[in-house]
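**Student:** Here is my input, please return the structure:
(one chain, ligands or ions: 2)
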Amino acid sequence: MFKLVCGAGNEDAESVKRLVYVYARAGCSLFDISARKEILEAAKEGQKLSGVADINYCVSIGIKGDRHITKAKINDSKCIKCGNCYRNCPNDAIYSSIIIDEKKCIGCLKCFEKCPTGAISMQEKDVNYKEILPYMVSNGVEFIELHIMGHDKEDLAKKWQVINECKPKFASICIDRENFGNKEVLERIREMISLRDDYTTIVQADGIPMSGGDDSFKTTLQAVAMAEIIQNANLPVYIMISGGTNSKTAKLCKMCGINYWGIAIGSWARKIVKPYISVPDFWDNTELQNKAVEIASKLVEDCK
Ligand code: SF4
Ligand code: SF4
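**Tutor:** Ligands and ions are numbered 1, 2, ... in the order given. This is a model prediction of the structure:
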């Protein structure tokens with residue numbers, strides 16, 4: 001299973017529409033999108049244009065403290081206009097005038113890490129999950145994912161309960177080791193899956209979230225290591241690998257004896273088609289569309 005991650009925080013409807021169009025034609029059958037009505041509509045438009053019928057959607061939300069639900073904000077009084085943030089944003093969310101387009105910001109922290117003056121802060125932007133998740137399930141979304149790498153256990157419990165009450169076909173837990181050690185990671189998963197039937201949960205083993213900027217074995221190493229930790233725990237779940245995934249992930253998994261159910265790719269998958277899908281006349285340019293599909297198809301194939 002190949003999952004294209006459009007981004008939990010990606011509210012750029014046109015880019016989601018184009019990504020779904022390209023990757024659906026390339027053989028991807030599962031798309032991870034932001035839990036917003038207009039984004040689901042945009043994804044379905046892209047699917048319709050692709051002519052591919054059998055597509056599933058996963059919507060993602062996060063608990064307080066998880067970076068997937070944060071957006072960058074610039075404090076103008078501290079900004080020296082050095083341009084580091086603009087040059088390092090992987091999603092074109094910062095204009096050269098050093099203004100952030102919040103809809104495009106996916107909370108990757110790259111600008112935050114590169115700012116020399118501390119002018120950038122990350123602020124949480126949550127959705128009304130009690131309203132939006134039932135809407136998503138009743139509109140054909142079969143997977144709901146919760147990013148759980150924050151310290152607020154009360155928020156985690158509340159959101160997990162709502163997800164379970166929605167009865168999606170699969171619930172997904174996205175977890176990494178940025179804030180916690182292996183023991184606590186596994187404790188969290190065990191506690192959460194105790195509320196669910198066996199093999200109705202996917203654990204998305206996130207290496208380093210949103211780190212897939214290149215196509216090396218080194219970049220994907222942590223994702224495979226995280227998958228191994230989940231595999232060794234023998235839990236009744238399916239393992240999806242993410243966070244630094246690329247065209248080398250499947251190969252490294254096979255070398256290491258990791259039995260994955262799927263590979264989710266965000267940063268790398270978006271990056272390789274970006275020169276094509278960001279062109280203004282994309283919808284009028286069949287040659288450009290076909291080139292993007294050809295590149296995406298190779299990645300989907302490499303993940304089998
Ligand atoms: S670098 Fe990342 S966090 Fe900063 S604006 Fe761009 S997408 Fe958002
Ligand atoms: S990196 Fe920081 S100081 Fe430089 S332009 Fe961006 S916000 Fe301003």
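**Student:** Please make it C-alpha for all contacts and neighbour counts, starting now.
**Tutor:** Will do.
**Student:** Just the buried residues of stretch 42-49, please?
**Tutor:** For stretch 42-49, burial by neighbour count (16 or more other Cα atoms under 10 Å) applies to 42-47, 49.
**Student:** cool, stretch 210-230 as well?
**Tutor:** For stretch 210-230, by 16+ other Cα under 10 Å, it's 210-214, 217, 219-230.
**Student:** again, but for stretch 91-107
**Tutor:** Quick answer for stretch 91-107 (16+ other Cα under 10 Å): 91, 93-94, 98, 100-102, 104-107.
**Student:** got the residues you listed as JSON lines, with distance to V237, pLDDT and secondary structure columns?
**Tutor:** Formatted as JSON lines, the buried residues of stretch 91-107 follow (distance: Cα to Cα, whole Å; pLDDT from 0 to 100; DSSP: H, G, I helix; E, B strand; the rest coil):
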{"residue": "N91", "distance to V237": "32", "pLDDT": "88", "secondary structure": "coil"}
{"residue": "A93", "distance to V237": "35", "pLDDT": "94", "secondary structure": "coil"}
{"residue": "I94", "distance to V237": "38", "pLDDT": "96", "secondary structure": "strand"}
{"residue": "I98", "distance to V237": "43", "pLDDT": "96", "secondary structure": "coil"}
{"residue": "I100", "distance to V237": "38", "pLDDT": "96", "secondary structure": "strand"}
{"residue": "D101", "distance to V237": "37", "pLDDT": "94", "secondary structure": "coil"}
{"residue": "E102", "distance to V237": "35", "pLDDT": "93", "secondary structure": "helix"}
{"residue": "K104", "distance to V237": "32", "pLDDT": "92", "secondary structure": "helix"}
{"residue": "C105", "distance to V237": "31", "pLDDT": "94", "secondary structure": "coil"}
{"residue": "I106", "distance to V237": "27", "pLDDT": "90", "secondary structure": "coil"}
{"residue": "G107", "distance to V237": "28", "pLDDT": "91", "secondary structure": "coil"}
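**Student:** same for ligand 1: which of those residues are within range?
**Tutor:** Restricting the buried residues of stretch 91-107 to those touching ligand 1 (Cα under 6 Å from any ligand atom) yields 91, 93-94, 105-107.
**Student:** just curious, which of the residues you listed is nearest to ligand 2?
**Tutor:** Compare each of those with ligand 2 using Cα to the nearest ligand atom and the shortest gap goes to I94, at 8.7 Å.
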